[in-house]
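Structure of the sequence below:
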Amino acid sequence: ANTPVYKAAREALTQPHSRYPVIRGSADDVIGFVHVRDLLSPDMVERSLRVGELAREALVLPWTRPILAALADMRREGTHLAIVADEYGGTAGIVTMEDLVEELIGDIKDEYDIDEAMTTRHRGGDVEVDGLLNLDDFEDETGIELPEGPYETLAGFLMAQLGRLPVPGDTVDVTGRRMVVRDIENRRVGRVLVSVVAAGAADSTERRAAEPEPDAGSDAEPDADANVAPPVDVEPDVRAG
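Have a look, this model is predicted:
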């Protein structure tokens, strides 16, 4: 907390993090956290400020808090970092929203991970993307703005729509587009094919999803679209040029 801002800014430039806990004396006395934007602001660096003066209040969670409940707490508070307290009131560590999401759906790639080909474009306009794309990057690649929810990646969105862990072949429709799960890697969505769907095909999918299942004793064929989630109605992203 007593570290000058200019020194903290110099240290932050060598690290891959965007948020840092601020302590007073020891790690068990966390007074909040500071964002790297605050440290690197020219107005702050040029002033004789201490890091503690820029500290923002941090959410404190008990170490026994379930992951889903902790995610809900962080979303409600609008924070991406929380302090984890142990049974003695000390600091057990810190947790980020990304940490919690990764526990549910697997590792999330970011700008500091090894770069891999996350998007493949096919003839006809189809696009194959990685399930770990965050929602902003997915919109950049496909022009589709997905609704907000308790997830940060395409894989999380698909899981929320299906209501279960996805399997290869699962399909989710979003206003004129169809997303098909191509493969699964360690229980998380690997690759997803995004293609344009004709209006009639999308309507047909919606009708089939609404039809009652046949009686157990009937000779009706099983519904081929049992793994198709109901279409998601979102505003299309219209881009100039």
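
In which helix or strand does the closest residue to Asp86 other than its chain neighbours reside?
Here the nearest residue to Asp86 in space, its sequence neighbours aside, is Ala92; by C-beta to C-beta, 6 or more residues apart in numbering that works out to 4.3 Å. Heads up, the C-betas are built off the backbone N, CA and C, glycines and all. Assessed by DSSP states H and E, Ala92 sits inside strand 91-96.

just how off-centre is the next helix-or-strand element following that strand within its chain?
Past strand 91-96, further along toward the C-terminus, the next helix or strand under DSSP H and E is helix 97-105. In this view, helix 97-105 has its centroid 8 Å away from the chain centroid, taken as C-alpha atoms, centre = their mean, to the nearest Å.

So what touches the helix or strand that comes right after helix 97-105?
Per DSSP H and E, helix 97-105 leads on to strand 119-121 as the next helix or strand towards the C-terminus. Under the contact criterion C-beta atoms under 8 Å, 6 or more residues apart in numbering, strand 119-121 has outside partners Val127, Glu128, Val129, Asp130, Leu133, Glu141.

how close does the residue nearest the centre of the chain sit to His17?
Closest to where the C-alpha atoms of the chain average out (C-alpha atoms, centre = their mean) is Glu152, at 1.4 Å. Note on Glu152: its distance to His17, by C-beta to C-beta, to the nearest Å, is 17 Å.

for Ile105, same thing?
21 Å.

Domains in this protein, by residue range?
5-105, 119-232 (automatic domain parsing).

Might you calculate how far the shortest one sits from the centre of the chain?
What that stands for is domain 5-105. Once both centres are worked out by C-alpha atoms, centre = their mean, domain 5-105 turns out to sit 19 Å from its chain's centre.

Point out where the protein drops to low pLDDT.
Under the criterion of pLDDT under 70, the regions of the chain flagged as low confidence span 42-47, 106-118, 198-241.

what about the helices in the protein?
Here the chain has its helices, by DSSP state H, at 5-12, 36-40, 42-45, 51-54, 67-77, 97-105, 135-142, 154-162, 199-210.

what residues does the strand holding Ala92 touch?
The set of residues external to strand 91-96 that reach it, using C-beta under 8 Å, 6+ apart, is 19, 21, 27-28, 30, 61, 63, 70, 80-86.

Taking helix 97-105 as reference, get the angle to it.
Here strand 91-96 points in a direction 80 degrees away from that of helix 97-105 (axes from the mean of the first three to the mean of the last three C-alpha atoms, to 10 degrees).

among the helices of the chain, which is the most enclosed?
A comparison of the helices of the chain by mean neighbour count, using mean count of other C-beta atoms under 10 Å, puts helix 154-162 on top with a mean of 23.

what's it packed up against?
Contact partners of helix 154-162 among helices and strands, from 3 or more C-beta pairs under 8 Å, 6 or more residues apart in numbering; DSSP states H and E: helix 97-105, helix 135-142, strand 171-174, strand 177-181, strand 188-189, strand 228-232.

and if we set it to 6 Å?
Other helices and strands packing on helix 154-162, by 3 or more C-beta pairs under 6 Å, 6 or more residues apart in numbering; DSSP states H and E, are strand 188-189.

Pairing partners for the strand it packs on, with directions?
Applying DSSP bridges, strand 188-189 is found paired with strand 184-185 (antiparallel).
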